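>>> Predicted model and sequence follow; I will ask about them next.
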Amino acid sequence: VQLVESGGGLVQPGGSLRLSCVASGFTFSNYGMRWYRQGPGKEREFVAFITSAGGTTNYADSVKGRFTISRDNAKNTVSLQLNSLKPEDTAVYYCKLEIYSFTGRRDYWGQGTQVTVSS
């Protein structure tokens, strides 16, 4: 399994960014995908989830209405559109895969992409 994020950068408050996570090494269309983030001095926190076919999404309250998760199963890619960014959105953003088996759950993470919101 490999997850590679991209698209982070420095943006002013109120700005937008689009993050992407390209997946390989597993059947992407079979699994829901998640985005998490970890701000400076903070614990890693859930941001958004999308089901395997993309029909259902859910979001952390802190980003609801501003962020949108989507996926393209033909390109093995899950994306996160970040709008109306705030300084408190500054974090490293990670995509995450959870695989359940009879032995339990195994988590896979990408390397992360840095988002900095500052004027």
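Yep, that arrived.
>>> For the rest of this, base every contact and every neighbour count on C-alpha atoms.
Fine.
>>> packing partners for the lengthiest strand in the chain?
Longest among the strand segments of the chain by residue count, using DSSP state E, is strand 91-101. When contacts are defined as 3 or more CA pairs under 8 Å, 6 or more residues apart in numbering; DSSP states H and E, strand 91-101 packs onto strand 2-6, strand 33-38, strand 104-109, strand 113-117.
>>> Average the pLDDT values over the last one and round to the nearest integer.
To tie it back to what came earlier, the one meant is strand 113-117. Averaging pLDDT along strand 113-117 yields 98.
>>> from the chain's centre, how far out does that strand sit?
12 Å (CA atoms, centre = their mean, to the nearest Å).
>>> contact partners of that strand?
5-13, 85-94 (CA atoms under 8 Å, 6 or more residues apart in numbering).
>>> Pull up the gap between residue 82 and residue 8, please.
To residue 8, residue 82 is 10 Å away according to CA to CA, to the nearest Å.
>>> So if I had to pick from the two, which one is more boxed in?
Neighbour count, other CA atoms under 10 Å: between residue 82 and residue 8, residue 82 has more, with 21 against 18.
>>> For the more buried one, which residues are in contact?
16, 17, 18, 19, 66, 67, 68.
>>> Need the pLDDT of it.
Looking at residue 82, its pLDDT reads 98.
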